[in-house]
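[1] Here is a sequence together with a model predicted from it:
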Amino acid sequence: MEAKYVSQEMRDYIIEMGAETITWCMQCGLCTNLCPWRLVPGETSEKFSIRRMLRLGQMGMEGFEDEIVLFACSTCGMCQSNCPRGVKIIDNVRSMRASIVGAGMAPANLRPILGSAHANGNPWSGPREKRTAWQDGLDVPSFGLETEYFLFVCCHSCYDPRSTKIARSIVKILKHAGVSFGVIGVEESCCGESMRKLGDEELFQKLATSNIELFNSRGVKKIITTSPHCYWTFTQEYPALGGEWEVVHYTELLEQLVESGAISFPVEKRLKVAYHDPCYLGRHSGIYDAPRRLLNSVEGIELIELSRARELSLCCAGGGGRIWAEVPMGERFGELRIADALDKGADMITTACPYCMNMLMDACKTMGKDDQLQVTELSEILAEALEG
């Protein structure tokens, strides 16, 4: 849809919702050149231009409301981390989405997601009372006043049958290492990171406030997160709302335990493993070394670096709410990662994010390569190397 008119009111609203730096953009086009959508074919690639969307937002113009244009961004941060003007592009995207979602015009495919988060405290349509079902048979400790760490398990790993293995693997390792940790339970809600990126600011505030009040009332001081998305929002967004704790991603804590000699992984694994850097763990949070050191601590594993790694890692396309998007085969970023891993001779591709694992598994399956390449989450490898 082409722009039709300039709306000062819309422009002011977008800026008020958090796009304070949108006027800094000088339209150099570097963001569009770096965007992973340039690497795949298809309608979305043809229509989506972050440079054009920022310009429409600057002017308060019609046109950015187009669903493909507005909700295609996976918030990978590649453009933002390289912007010569320091424009907070992701905040601008979120604010433009808020102008649409806040008006009750969220895309049809996202309404059930947002509705479930409102009603159940999670976006996966899971009943709140089933939030702890992943714990069955594990004897997971409850968080108490004497507990050092509160383990916050991502909603994806609470409700998705495949992803629950991540939470279970992390629990097994923490228990083996003698870490003092516990969970709170069904009162926990989604961290809200993806809900905010989708533009539902009211929902984010509701979820964040609920969690902050809950965690503080229970005396939480330190948090272990299973997901980079939870880690990022707890460290970058919750403090402004009164949620100030010491937060670590599980890979950081496990690396410390390995370095101190508190834990080791004695079972040899003869594997060539390609590591995929999650955007929200790597580019957004600067955690690159901990996962690699953990992989290298397992005897027999040969760590393979993909063509695009660390700061230049290619997004899986699961961020910014894209994990709920339907993308045709041949147009998925994950397919490029699978092809790269196979070209490098990897037996397995692993990551440290439930969203990334989900997207890579889908790509591998649709490509018909799941008999050639295993897709795992790092905690699963470590748990197997711990127990055999």
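    Received, thanks. Numbering: from 1, shown residues only.
[2] From now on I want contacts and neighbour counts done on CA atoms only, so please keep to that.
    Fine.
[3] How is residue 224 assigned, secondary-structure-wise?
    Secondary structure, DSSP: H, G, I helix; E, B strand; the rest coil: residue 224 is strand.
[4] Now do the longest helix seen in the chain: distance to the chain's middle.
    Ranked by residue count, the top helix of the chain under DSSP state H comes out as helix 201-217. Here helix 201-217 shows a centroid-to-chain-centroid distance of 19 Å under the convention Cα atoms, centre = their mean, to the nearest Å.
[5] elements contacting the helix or strand harbouring residue 58?
    If you go by DSSP states H and E, residue 58 is part of helix 50-59. When contacts are defined as 3 or more Cα pairs under 8 Å, 6 or more residues apart in numbering; DSSP states H and E, helix 50-59 packs onto helix 8-16, helix 30-34, helix 89-101.
[6] Keeping just the C-alphas, turn the shortest one into CSV.
    It refers to helix 30-34. C-alpha atoms of helix 30-34 as CSV (Å, rounded to 0.1, in the frame of the first residue of the first chain):
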residue,chain,number,x,y,z
LEU,A,30,22.3,0.1,5.6
CYS,A,31,19.5,-1.4,7.6
THR,A,32,17.8,-2.8,4.6
ASN,A,33,21.1,-4.1,3.1
LEU,A,34,21.9,-6.0,6.3
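[7] helices or strands up against the next helix or strand after it?
    Toward the C-terminal end, the helix or strand that comes next after helix 30-34 (DSSP H and E) is helix 43-47. Helix 43-47 is packed against helix 67-71, with contacts defined by 3+ Cα pairs under 8 Å, 6+ apart.
[8] average model confidence for the helix it packs on?
    Averaging pLDDT along helix 67-71 gives 78.
[9] which residues touch that helix?
    Helix 67-71 is contacted from outside by 44, 47-49, 53, 64, 93, 96-97, 107, 198, 322, using Cα atoms under 8 Å, 6 or more residues apart in numbering.
[10] can I get the CA coordinates of the helix holding residue 58 in PDB?
    What follows is helix 50-59, C-alpha atoms only, in PDB (Å, rounded to 0.1, in the frame of the first residue of the first chain):
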ATOM      1  CA  ILE A  50      13.000  -1.600   7.200                       C
ATOM      2  CA  ARG A  51      14.300   1.700   5.700                       C
ATOM      3  CA  ARG A  52      10.900   2.400   4.000                       C
ATOM      4  CA  MET A  53       9.000   1.400   7.100                       C
ATOM      5  CA  LEU A  54      11.000   3.800   9.200                       C
ATOM      6  CA  ARG A  55      10.400   6.600   6.700                       C
ATOM      7  CA  LEU A  56       6.700   6.000   6.800                       C
ATOM      8  CA  GLY A  57       6.800   6.100  10.600                       C
ATOM      9  CA  GLN A  58       8.800   9.300  10.600                       C
ATOM     10  CA  MET A  59       6.000  11.000   8.600                       C
END
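[11] what's the longest helix of the chain packed up against?
    Here helix 201-217 touches helix 111-120, helix 193-197, going by 3+ Cα pairs under 8 Å, 6+ apart.
[12] where in the protein is pLDDT low?
    1-6, 61-67, 388 (pLDDT under 70).
[13] care to break it down by domain?
    8-101, 109-255, 264-387 (automatic domain parsing).
[14] from the helices and strands packed on helix 50-59, which stretch is densest packed?
    Comparing the helices and strands packed on helix 50-59 by mean neighbour count (mean count of other Cα atoms under 10 Å), helix 89-101 ranks first with a mean of 24.
[15] now the angle from it to helix 201-217?
    Note on geometry: by axes from the mean of the first three to the mean of the last three Cα atoms, to 10 degrees, helix 89-101 and helix 201-217 are set 110 degrees apart in direction.
[16] start the count at 740, not 1, going forward
    Will do, 740 is the new start, and the previous item becomes helix 828-840.
[17] May I have helix 828-840 as PDB, with CA atoms only?
    Taking Å, rounded to 0.1, in the frame of the first residue of the first chain, the C-alpha atoms of helix 828-840 are listed here in PDB:
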ATOM      1  CA  ILE A 828      15.200   0.500  15.200                       C
ATOM      2  CA  ILE A 829      13.500  -2.300  17.200                       C
ATOM      3  CA  ASP A 830      11.900   0.200  19.600                       C
ATOM      4  CA  ASN A 831      10.600   2.100  16.500                       C
ATOM      5  CA  VAL A 832       9.200  -1.100  15.000                       C
ATOM      6  CA  ARG A 833       7.500  -2.000  18.300                       C
ATOM      7  CA  SER A 834       6.000   1.500  18.600                       C
ATOM      8  CA  MET A 835       4.600   1.400  15.100                       C
ATOM      9  CA  ARG A 836       3.100  -2.000  15.800                       C
ATOM     10  CA  ALA A 837       1.600  -0.600  19.000                       C
ATOM     11  CA  SER A 838      -0.300   2.000  17.000                       C
ATOM     12  CA  ILE A 839      -2.100  -0.800  15.200                       C
ATOM     13  CA  VAL A 840      -2.500  -3.400  17.900                       C
END
